[in-house]
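Engineer: show me the folded form of this:
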Amino acid sequence: MGLAIILFVVYFGAMLAIGPIAAKRMKKRDSSDFILAGRAVPMWLVVGGIVATLINSATLLGYGGSGYSLGISGYFASLGFLVILMWSGYWFIPRLRRANITTIPELFEKFFGWPHRVVAVILVVCRDLGVTAGSAIGMAVVFKTVFDIPLDVALLITLGVTLAFTVLGGMWAVMITDTIQAAMILIGTTLMIPLGIAYIGGWDAFVNLIPDTHTNVLNAGMSQTVGWIISGALTCAGYQTMLQRGLSAESDEVAKKSFFYGGITAIVWYMVPFITGILALVIFPDILPSDAFLQMTTLFGSFGSIIFAIIIVASCISTLSSTILTTASNISLDIYKRLINPNATDRQILNVTKVSVVVVAIIGTLIGRSIPYILELLLTGGRIMAASLAPVLLAIVFWKASRTAYYSSIIAMILGAITTIYGIILGNSAASSGEGGVVFVWALDPVLMGLPVTLLVLIIGTFIENRYKANKALNEDIALGE
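Structural biologist: This next block holds a predicted model:
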């Protein structure tokens, strides 16, 4: 216990010290500095921020549990996301940077107006609150396990540290702590695999003990595999927390290289939690899937288990600090400044953002306390956003005709979201992966229900609206004798 206290105090102390240090890098000390680090972040910090944001409690505990129950097939839940991540750095982020936006909903208003911005805020927050909830509860569970304290006390401590450096240093603090924690996570978790294999007796012994189901890439079924790939790809396209990494970069070239290097790193590393989960199945065949990663940490003595516990907490804190800052920017810019106080000064916006950071963290924590499926917290909000907002966002960036489809765009987002939510509720009772599970396996992934609705309404509606406008313009010309 004494060793654990010392190591966590050192780790938390380092994170807290970064807050005021990062604050000194905010040259203007305005809302742009706080939310996007003045759009001046160098490549090494952007890469670190991308990698750390990709790895959280859902990644380690969730994907570890998925590897335990489903095997390597669960990797597809991340593959689509990572491929689009690299693509977005080259073709998507530069366009968003040229639009000079801070939040994704802001782009919707540029083309359509405030109603679209409001709908976009709701859908963006769906994703980020899910990630916030999963990260908050994940780090608290680990902290609770290490120190044998009540969950709410663990939440109070871990949230307090996260909020302290985030409120003090904004995006600069988030990016610096993310980069430090990314290095810790990548090295520490990767080492767990050879150590686990050595514990079993070597590679051959490990391979011989793996069930055939867990090496089958379609073990979760073709429908679920396709659903995971599509959902991941579209979630990435609309994932504001990740997109703001690109908006924070000091140049387009830095953003492109950062997303490429971050994506390549993640594609390779994302096999780690699934292999770790399979290792846990071989070594601990009778535990709950949700305990797989934590149980593996017990193999390496008291010092090793504490180090791995810190790594898990670090993965959660890095993602949590990012998502609460992102959602706070939605509250201050898309809601407060746009709808409540259009004449707000920059100081007022900055103060509202800081207060919102705390409020978002509390709300996310309350959501996390009410839902036991760690990975599903991340995927549920992602599905809603992926099936509704993301297709429309991609359309207005890459399809000019859709930029004039005022009614079709907003109806498509609303109907797509409603259909996806209906699919989640309808399939909920039969979708659980079992006791101690971390993810649902669907007969038909809800994103495959909502996405076709969004696309049909958007595509057909866009052609109808543009045809109507063309006919109206023609009739007006005729009426004027032109």
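Engineer: element containing Leu155, please.
Structural biologist: Per DSSP states H and E, Leu155 falls inside helix 151-200.
Engineer: hang on, Ile101 packs against Lys110?
Structural biologist: Yes. Counting by Cβ atoms under 8 Å, Lys110 is a contact partner of Ile101 at 7.4 Å. Quick note: C-beta positions are derived from backbone N, CA and C, even for glycine.
Engineer: of those two, which one has the most company?
Structural biologist: Between Ile101 and Lys110, Ile101 has the larger neighbour count (other Cβ atoms under 10 Å), namely 19 against 15.
Engineer: contacts only, for Met184.
Structural biologist: Applying Cβ atoms under 8 Å, 6 or more residues apart in numbering to Met184 gives the contacts 310-311, 314.
Engineer: where helices are concerned, which of those count?
Structural biologist: Among the contacts of Met184, the ones falling in helices (DSSP state H) are 310-311, 314.
Engineer: closest one of those to Thr132?
Structural biologist: Ala314 (16.3 Å; Cβ to Cβ).
Engineer: hang on, that closest one packs against Ile185?
Structural biologist: Yes. The pair Ala314 / Ile185 is scored as a contact, 6.1 Å apart, by Cβ under 8 Å.
Engineer: before we move on, the earlier item: can you list the ones in helices among the contacts of Met184 in JSON lines and add neighbour count?
Structural biologist: Formatted as JSON lines, these follow (neighbours: other Cβ atoms under 10 Å):
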{"residue": "Ile310", "neighbour count": "23"}
{"residue": "Ile311", "neighbour count": "24"}
{"residue": "Ala314", "neighbour count": "25"}
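Engineer: can you list the residues you listed in JSON lines and add distance to Thr404 and pLDDT?
Structural biologist: What follows is those, written out as JSON lines (distance: Cβ to Cβ, whole Å; pLDDT from 0 to 100):
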{"residue": "Ile310", "distance to Thr404": "52", "pLDDT": "87"}
{"residue": "Ile311", "distance to Thr404": "49", "pLDDT": "86"}
{"residue": "Ala314", "distance to Thr404": "46", "pLDDT": "87"}
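Engineer: out of these, who's nearest Gly262?
Structural biologist: Ala314 (17.2 Å).
Engineer: how about the closest residue to that closest one other than its chain neighbours, what does it touch?
Structural biologist: Using Cβ to Cβ, 6 or more residues apart in numbering and skipping residues adjacent in sequence, the residue nearest Ala314 is Gln181, 4.1 Å away. Applying Cβ under 8 Å, 6+ apart to Gln181 gives the contacts 52, 314-315, 317-318.
Engineer: which stretches of the stretch 1-150 of the chain have low pLDDT?
Structural biologist: The stretch 1-150 of the chain contains residues with pLDDT under 70 at 1, 27-29, 57-58.
Engineer: can you give me the helices in it?
Structural biologist: Taking DSSP state H, counting those that start in this stretch to define them, one finds helices in the stretch 1-150 of the chain at 2-23, 31-36, 43-54, 57, 63-70, 76-91, 93-98, 104-111, 114-147.
Engineer: include distance to Ile324 when you put those helices into JSON lines, please.
Structural biologist: As requested, the helices of the stretch 1-150 of the chain are exported to JSON lines (distance: least, Cβ to Cβ, whole Å):
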{"stretch": "helix 2-23", "distance to Ile324": "14"}
{"stretch": "helix 31-36", "distance to Ile324": "12"}
{"stretch": "helix 43-54", "distance to Ile324": "12"}
{"stretch": "helix 57", "distance to Ile324": "14"}
{"stretch": "helix 63-70", "distance to Ile324": "22"}
{"stretch": "helix 76-91", "distance to Ile324": "21"}
{"stretch": "helix 93-98", "distance to Ile324": "21"}
{"stretch": "helix 104-111", "distance to Ile324": "16"}
{"stretch": "helix 114-147", "distance to Ile324": "6"}
